[in-house]
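need a structure here:
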Amino acid sequence: MGIFRTILAIAVVVYHSYKIFGLRLCGGQVAVESFYIISGFYMALILNEKYVGAGYYKRFLWSRFYRIFPTYWIVLLLALLLSLIGYWAFNKPYYLARYVQYGTCLSPYAIAYFLLENVLVIGQDWFYFLRIDELCQLQFTKQVLSYKHTAFQYLFMPQSWSISIECMFYIIAPFLVKLRLRKQILIVLLGILIKWYFNQIHYLCYDPWTYRFFPFELPFFLAGSVSYQFYKRNWLLNSSKYMGYILLMISVLGILFIEEIPIMDSVKYSIFFIIISLSIPYIFSAFKDSKIDRTIGELSFTIYISHHLVVSILRAYFFEHTQWMPYYGYATLLTSLALAFFLQFVLVRKIEAFRQKRFS
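Below you'll find the predicted structure:
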């Protein structure tokens, strides 16, 4: 399933830059929520088959910590270094721009809070529900994108809010993915109903409520866990490798062309997520012993966590030279892949080897 995860990461890169081959791919929301489903499947898998027995909860959380935070902090340091070099050498502070502009207006507590969250990660999703008023005071708002001065503008890695949501799921996953299948399905259906209710009755049908509010996204994680239960129970999976290949191809075609399908977004996205949830057991079964798939999949997180550095560097050039804009997506994607390869094979693999040795 590594190929699928990496293609989803590429979709996020395209979403944050520019279309390739005339396509915008599936967009950020669909890619992120598909990641949630896949994450739910993997967490159910390892929590039911690997992390068992006394002390499993502690070992599971430490394993997740080493999987995410060392790589995140490395890229965070790169973002800080880029910002400092840009500020001193080119008067382009990049991720420090808001700190430079409003540093004298914001209280020391607000700045400390922003900096601390950049390090801790958990809680960054709430930055998308905070605006900064005319007196530089933090205020909760339901419509953060209606304001020009917001808390999320102080993130060095704006895409890492989704890691915060992932981490919150990890904390409660051991108590959910081991529930009976009926209870998990009930939570999924109840979560979908609650999200629909607030969407339709209270009109919370816009960003950040659509995919950055953890309670509304929990059904996606649990849908992945339900998918694992199907994988565990269905003996036909072991003889359905070609079914996995076919379903992977269908899923990838969905990523590529879903935005081109001329039907209501809510309908086509719902169908896509159902297809993903049903396909994951077969895709995983077909590729679980593939070293190539595993190697490609290892790049997905590195691409996701580091690509915004490339976006920030290249954006100014292409926006200033609009005649080259059609090449913006290609340049960003290729440079992001190169950076991800470098980080993966120079740094991340060593961290992952330690994690596997420590928690296997």
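
neighbours of residue 248, just the number please.
By other C-beta atoms under 10 Å, 21 other residues sit near residue 248. Where C-beta positions appear, they are placed from N, C-alpha and C, glycine not excepted.

Could you do the one 3 residues further on as well?
When neighbours are counted by other C-beta under 10 Å, residue 251 registers 22.

from what I can see it touches residue 273, true?
No - between residue 251 and residue 273 there is no contact under C-beta atoms under 8 Å: 10.8 Å.

Disregarding residues adjacent in the polypeptide, which is nearest to residue 87?
Counting by C-beta to C-beta, 6 or more residues apart in numbering, residue 93 is the residue found nearest to residue 87 once chain neighbours are left out, at 3.9 Å.

Can you check which helix is longest in this protein?
In the chain, taking DSSP state H as the definition, the longest helix is helix 56-90.

what's the spacing between the next helix or strand after that one and its chain's center?
Next in sequence after helix 56-90, counting helices and strands by DSSP states H and E, comes helix 97-102. Put simply, helix 97-102 sits 26 Å off its chain's centre (C-alpha atoms, centre = their mean, to the nearest Å).

buried stuff in helix 97-102?
98-99, 102 (16 or more other C-beta atoms under 10 Å).

and which of these is nearest residue 139?
residue 102 (14.7 Å; C-beta to C-beta).

helix or strand for the closest residue to that closest one other than its chain neighbours, which one?
Nearest residue to residue 102, sequence neighbours excluded (C-beta to C-beta, 6+ apart): residue 136, at 6.2 Å. For residue 136, there is no helix or strand it lies in under DSSP H and E.

Pull the contacting residues for residue 136.
Contact analysis of residue 136 by C-beta atoms under 8 Å, 6 or more residues apart in numbering lists 102, 105-107, 110.

Residue 117 versus that one, what's the distance?
With the distance defined as C-beta to C-beta, to the nearest Å, residue 136 ends up 17 Å from residue 117.

shaky segments in this protein?
235-239, 360 (pLDDT under 70).

what about the helices in it?
Under DSSP H, the chain gives helices at 2-16, 27-49, 56-90, 97-102, 108-120, 161-176, 181-200, 214-233, 241-257, 265-287, 291-320, 328-343, 349-359.

could you dump these to a markdown table with distance to residue 155?
What follows is the helices of the chain, written out as a markdown table (distance: least, C-beta to C-beta, whole Å):
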| stretch | distance to residue 155 |
| --- | --- |
| helix 2-16 | 14 |
| helix 27-49 | 15 |
| helix 56-90 | 9 |
| helix 97-102 | 10 |
| helix 108-120 | 6 |
| helix 161-176 | 7 |
| helix 181-200 | 25 |
| helix 214-233 | 17 |
| helix 241-257 | 26 |
| helix 265-287 | 26 |
| helix 291-320 | 10 |
| helix 328-343 | 18 |
| helix 349-359 | 23 |
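
Out of these, the one nearest residue 208 is which?
helix 161-176 (8.5 Å).

by contact count, what packs against the closest one?
Here helix 161-176 touches helix 27-49, helix 56-90, helix 214-233, going by 3 or more C-beta pairs under 8 Å, 6 or more residues apart in numbering; DSSP states H and E.

and with 10 Å instead?
The contact analysis (3 or more C-beta pairs under 10 Å, 6 or more residues apart in numbering; DSSP states H and E) places helix 161-176 against helix 27-49, helix 56-90, helix 108-120, helix 181-200, helix 214-233, helix 291-320.

thinking again about what came up before, closest one to residue 151 among the helices of the chain?
helix 108-120 (7.2 Å).

Alpha carbons only: can I get the closest one in CSV?
Output in CSV follows, covering the C-alpha atoms of helix 108-120 (Å, rounded to 0.1, in the frame of the first residue of the first chain):
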residue,chain,number,x,y,z
PRO,A,108,5.3,37.4,24.8
TYR,A,109,2.8,34.7,25.9
ALA,A,110,1.3,34.6,22.4
ILE,A,111,4.7,34.3,20.7
ALA,A,112,5.8,31.6,23.3
TYR,A,113,2.6,29.7,22.5
PHE,A,114,3.2,29.8,18.8
LEU,A,115,6.8,28.7,19.1
LEU,A,116,5.9,26.0,21.5
GLU,A,117,3.2,24.6,19.3
ASN,A,118,5.7,24.6,16.3
VAL,A,119,7.8,22.2,18.4
LEU,A,120,5.1,20.1,20.1
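
residues making contact with it?
For helix 108-120, contacts defined as C-beta atoms under 10 Å, 6 or more residues apart in numbering pick out 69, 72-73, 76, 79-80, 95, 98-99, 102-103, 106-107, 123-124, 126-127, 130, 132, 136-138, 151-157, 160-161, 164, 167.

What of stretch 42-58?
With C-beta under 10 Å, 6+ apart as the contact definition, stretch 42-58 has outside contacts at 1, 5, 59-61, 63-64, 166, 169-171, 173-178, 184, 221-222, 224-229, 231-232, 280, 284, 288, 359-360.

same question, stretch 334-347
Stretch 334-347 has contacts (C-beta under 10 Å, 6+ apart) with 6, 9-10, 12-14, 16-17, 20, 70-71, 74-75, 78, 295, 298-311, 313-314, 348-349, 352.

what distance separates it from the centre of its chain?
For stretch 334-347, the distance from its own C-alpha centre to the chain's C-alpha centre is 18 Å (C-alpha atoms, centre = their mean).

in that stretch, what counts as buried?
Neighbour-count burial for stretch 334-347 flags 335-337, 339-340, 343-344 (criterion: 16+ other C-beta under 10 Å).

go on, stretch 161-178?
So, applying 16+ other C-beta under 10 Å, buried residues of stretch 161-178: 161-170, 173-174, 176-177.

got those residues as a markdown table, with distance to residue 29 columns?
What follows is those, written out as a markdown table (distance: C-beta to C-beta, whole Å):
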| residue | distance to residue 29 |
| --- | --- |
| 161 | 13 |
| 162 | 10 |
| 163 | 16 |
| 164 | 16 |
| 165 | 13 |
| 166 | 15 |
| 167 | 19 |
| 168 | 18 |
| 169 | 17 |
| 170 | 21 |
| 173 | 22 |
| 174 | 27 |
| 176 | 23 |
| 177 | 24 |
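
Before I go, just wanted to say thanks for your time.
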